[in-house]
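K.L.:
just coords:
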Ligand code: ANZ
Ligand code: ZN
């Protein structure tokens, strides 16, 4: 008898599969396609449990689809540009490329040990010149479509990483997504991509994605932030100029008591009276340094000062003061607002602080005027001339219509989404392929000169500024169009650009002539199942959708959306020990489990589950799990412990449990007496035991298939496999062909989850082909029909026992079986039956007296 030895069989099969090219993507095949994609990892150096979970989920899906007759594309690559490599260079003197490729090599090996059925021949690394050549080429496509441009802008500056960040990379507390530093504002000339041109389509096409979680679609919709309202113009007194405002509440226009400009607004200087000039300039300077969040938070005090200028409300003819204030943002709408303190929370606060007039123009249905705070709900218009008595909704359109007719306003749609700032003043990214010429302006690097290679002889003197700007040989180049000395752009691209198109490259990953052959990419796209973390719900997914639409409009792609179905996997959490007083995390090795206290201070520790992380000492190293139990157990545990989109609590006992289950399967299969008798086609009539076993087998096929096909409920699928293994262990017909069918079924159904052990058992059963190339089993509906059912007998509603009865028995027959049963007779004896309630298929209840 041989024991289950995962280390040995896993290494053996991984090697064999590679030799035989089992995971290679079929190219000449008329099978339907299935593109299974995991979000590619950043090569940090070692795999963590989040990766293991992500890639295991995608792998099971890929394996299932292959068995179900699809040609499957299941690739992997590396999101390999980015700051950590550069910081390693600064801190330890290792060149970023070397650091990155070492990490890639190590992580690739770890991934291979998980037994992932990945086609490694299509591997991409975004930092490799044969990839970023095409990133640069795509940038030039944007440039020539007018979708890439430079502009001077107040940008988010990360003082730790010394670089500009996109709005999307600053969290709700105003911190950098990477360094955690509070972001500052700076005025710089930067490159942008015009994602706003696609705002409407990016919003509308969310409806084309029924296979995405609603939560993610909602986050994207909120990020795009469509609002509908009006553009209205307020003439400036004494000038031939107007202040345009954007408002979502044109129905409140009679309540405007002042107008506010963003301090950066070009009209600010011009409306300011000489007496106010010095104060206005000082205030504007101060505000520009504040983050957007500080400026707009509803709970922060609103600050501002009058410009001394006046404007006219075109509806009332009233003269109103023009102010500047921090809560008006230059980049949103028109950079100016009409102040309606009676009906807007921020305006109300501002008016109270600055002693501005508050004029109520909307009242609730019940007619009571609200004066103690802003009344922001819709209601009935008052103090609004001819519009009095109208409901807000109706009033909005009436006001816009009137303004349009008079020529001082119109309806307008506004998005919160801004253009995407892609310039980074860092080294380890794809250089933006343009050259600045004194005569010709901004000239694209000709296609034949791509890629603009990152120079390797860089010096990292320390944080601050891009090293590229320091390199004469990189910077000073002749202008590609006139030949005179010119300067190369030294900004590199945001790494989110690299990941916005990598899924388009996998179908044709080695193409040296083209970004990809459209025929190949259109054939495989869109991705049928994308799996990754919820942290990418906005940035990466929105940018990828944007790139897809732009490349479609350039004639390269023939579809609108890159990812048909999206699964956002939950987090892997580890048991965490925390001192509630000091807030310090304590490594479990230092904790006495029976009496968990801080070894230093003696405080009783809090114990809970939290996302695994180094700083919390609650991580489990995948490497160790692989060494101890093998990849199959690790995969089984991760899939069994929780549904894929839910958080998963790591528990050693449950890992053990899966290891024991695989051992049980091993013993079950290897102890089959007569392996030669194993033949698969067994549908003939058999004994009762055989029929029951066959029902268990086909129930398993049905349930596992349904669990996998619906919402990928791997955990319940594995439960079904456990039931089947129990049924096989308990079967009294172990010499029957039905039993062999059961054994084979168990191995085949388990194959996507635990690919190595099943391959080994498959061969031990005498097969010479791979279990992973077998067709997925179909259940026989006839096998599911039960001959007998269990009928519960109740007396006065109380269950007293059960009997087996023919499944097809009708109500009358059921009552007869129940009456005649020993149980009923025992309890009823001598008493009168007053009533009998029959629930077909379930129970018979006797009411006695
Ligand atoms: C007058 C008004 C009256 C407003 C009222 C609201 C309520 P969303 O929904 O986000 O699009 N606003 C416009 N531009 C702004 C800017 N650059 N900075 C700060 N605030 C700005 O919000 C649109 C509303 O936000 C606009 O409608 C405007 O205030 C303000 F009872 O106009 B409202
Ligand atoms: Zn030139």
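P.N.:
Done, it's in. Everything numeric in this text was worked out from a predicted model, so none of it was measured. Ligands and ions are numbered 1, 2, ... in the order given.

K.L.:
can we go C-alpha only for contacts and neighbour counts from here?
P.N.:
OK.

K.L.:
near ligand 1, which residues of the stretch 251-400 of the chain?
P.N.:
Residues of the stretch 251-400 of the chain lying close to ligand 1 (C-alpha under 6 Å from any ligand atom) are 252, 327-330, 332-340, 343-344, 376.

K.L.:
Please pull up the helix or strand immediately following the lowest-mean-pLDDT helix or strand in the chain.
P.N.:
Within the chain, no helix or strand scores below helix 292-296, which has a mean of 71 by mean pLDDT, DSSP states H and E. Helices and strands here follow DSSP states H and E; after helix 292-296, the next one along the chain is strand 304-312.

K.L.:
show me the residues around residue 592 that make contact.
P.N.:
Under the criterion of C-alpha atoms under 8 Å, 6 or more residues apart in numbering, the contact list for residue 592 is empty.

K.L.:
mind checking the SS state of it?
P.N.:
coil (DSSP: H, G, I helix; E, B strand; the rest coil).

K.L.:
sorry, back to before: buried set for the least confident helix or strand of the chain?
P.N.:
292, 294-296 (16 or more other C-alpha atoms under 10 Å).

K.L.:
which residues does the residue in the stretch 101-250 of the chain that ligand 1 sits nearest to bridge with?
P.N.:
In the stretch 101-250 of the chain, the residue that lies nearest ligand 1 is residue 247 (3.4 Å; C-alpha to the nearest ligand atom). Taking DSSP bridges as the rule, residue 247 bridges to residue 230.

K.L.:
how deep is it tucked in, by neighbour count?
P.N.:
A count of nearby residues for residue 247, using other C-alpha atoms under 10 Å, gives 25.

K.L.:
list the contacts for it?
P.N.:
Going by C-alpha under 8 Å, 6+ apart, the list of residues near residue 247 reads 229-232, 337-338.

K.L.:
And the strands in the stretch 551-700 of the chain, which stretches?
P.N.:
566-569, 572-578, 606-611, 648-649 (DSSP state E, counting those that start in this stretch).

K.L.:
okay if I get those as TSV plus mean neighbour count?
P.N.:
Output for the strands of the stretch 551-700 of the chain, formatted as TSV (neighbours: other C-alpha atoms under 10 Å):
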stretch	mean neighbour count
strand 566-569	21
strand 572-578	23
strand 606-611	16
strand 648-649	22
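
K.L.:
Just send those back as CSV, with mean pLDDT too.
P.N.:
CSV is the format used below for those (pLDDT from 0 to 100):
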stretch, mean pLDDT
strand 566-569, 96
strand 572-578, 92
strand 606-611, 92
strand 648-649, 94
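
K.L.:
hmm, who's touching the least confident helix or strand of the chain?
P.N.:
172-174, 287, 300, 302, 326-329.

K.L.:
Which residue ranges make up each domain of the protein?
P.N.:
20-126+502-569, 137-194+419-495, 226-414, 572-611, 662-784, 788-848 (automatic domain parsing).

K.L.:
Relative to residue 3, tell me which of these wins on proximity.
P.N.:
domain 662-784 (8.0 Å; C-alpha to C-alpha).

K.L.:
now the closest one, how far from the centre of its chain.
P.N.:
35 Å (C-alpha atoms, centre = their mean, to the nearest Å).

K.L.:
Then stretch 780-793?
P.N.:
43 Å.

K.L.:
avg pLDDT for that stretch?
P.N.:
The average of the pLDDT scores along stretch 780-793 is 88.

K.L.:
contact partners of the biggest helix by length in the chain?
P.N.:
Of all the segments of type helix in the chain, defined by DSSP state H, the longest one is helix 688-709. For helix 688-709, contacts defined as C-alpha under 8 Å, 6+ apart pick out 61, 685, 713-714, 716-718, 720-721, 723-724, 727-728, 731-733, 736, 738-739, 742, 745, 749, 777-781, 783-786.
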